[in-house]
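Q: Would you be able to build a 3D model of this:
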Amino acid sequence: MSAPRHVIENPLSGERITITKRPRVTGDALAWELVLAPGGRVPGSHSHPEQEERFTVLDGTMRFRVGWRRTLARHGDVVVVPPGTVHHFANRGLAPARVAVESTPALRTEAMLETAAALARDQQASRRPFPRLLDVALFMGDFEREVRAPYLPASLVRAALWPLRGLATFLGRDARYRDARH
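A: Below is the predicted model of the structure:
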């Protein structure tokens with residue numbers, strides 16, 4: 001496990017994540033602080049099938065979409081995303097937004113955030129407009145308890161990704177994907 005107050009930066013989304021508290025026992029929350037640059041946003045709508053996410057805005061203005069509800073949150077506002085709920089967030093303010101986040105239970109959220117940032121750095125370095133499809137397939141398989149694509153049945157996504165994960169392994173792309181994370 002990495003040192004306390006580990007910082008993860010995602011150059012594509014504008015997210016700067018500082019891990020502030022790791023779980024001591026199964027079921028505990030992972031606590032992290034998110035600093036989101038003006039115009040920054042989570043890359044896409046998604047859900048966490050087994051986790052609740054709780055966002056407390058410390059500074060700035062954030063726009064959230066939770067389910068079909070849109071919310072503008074400012075200092076002191078709390079936005080709770082129940083497990084399995086599709087959501088999205090962005091900083092629509094002119095200054096960085098600072099948000100305290102809890103993911104409960106923690107599962108492998110820290111590793112997921114690190115991997116997403118590593119893949120974003122790789123995407124940026126190679127100047128691609130989109131992530132590599134085989135990397136997405138590996139990522140979604142590795143973190144299926146932590147994150148899901150919106151609106152599609154998990155069984156359908158799993159069925160579509162399975163052959164892509166196999167192809168990635170056959171082509172040796174899984175080793176490059178795992179190297180990108182470190």
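Q: now residue 41, nearest residue through space, not along the chain?
A: Closest residue to residue 41 apart from its sequence neighbours, by C-beta to C-beta, 6 or more residues apart in numbering: residue 90 at 3.5 Å. (Each C-beta comes from the backbone N, C-alpha and C, glycine too.)
Q: What helix or strand is that neighbour located in?
A: strand 87-91 (DSSP states H and E).
Q: element containing residue 35?
A: Secondary-structure element containing residue 35, defined by DSSP H and E: strand 30-36.
Q: Helices of this structure, start to end?
A: Assigned by DSSP state H, the chain shows helices spanning 109-125, 133-142, 154-171, 173-180.
Q: Please give the number of neighbouring residues around residue 153.
A: Around residue 153 sit 10 other residues, with neighbours defined as other C-beta atoms under 10 Å.
Q: How about residue 140?
A: Neighbours of residue 140 under the rule other C-beta under 10 Å: 19.
Q: ok, the most centrally placed residue in the chain - contacts?
A: Computing the C-alpha centroid of the chain and ranking residues by C-alpha atoms, centre = their mean puts residue 113 first, at 5.3 Å. Taking C-beta atoms under 8 Å, 6 or more residues apart in numbering as the contact definition, residue 113 lies against 8, 17, 32.
Q: and if we set it to 7 Å?
A: Shown here is residue 113, whose contacts under the criterion C-beta atoms under 7 Å, 6 or more residues apart in numbering are 8, 17.
Q: Would you single out the least confident of the helices of the chain?
A: The weakest mean pLDDT among the helices of the chain belongs to helix 173-180, with a mean of 72.
Q: re earlier: take the helices of the chain and write them to TSV, including distance to residue 99.
A: Written out in TSV, the entries for the helices of the chain read as follows (distance: least, C-beta to C-beta, whole Å):
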stretch	distance to residue 99
helix 109-125	14
helix 133-142	23
helix 154-171	28
helix 173-180	27
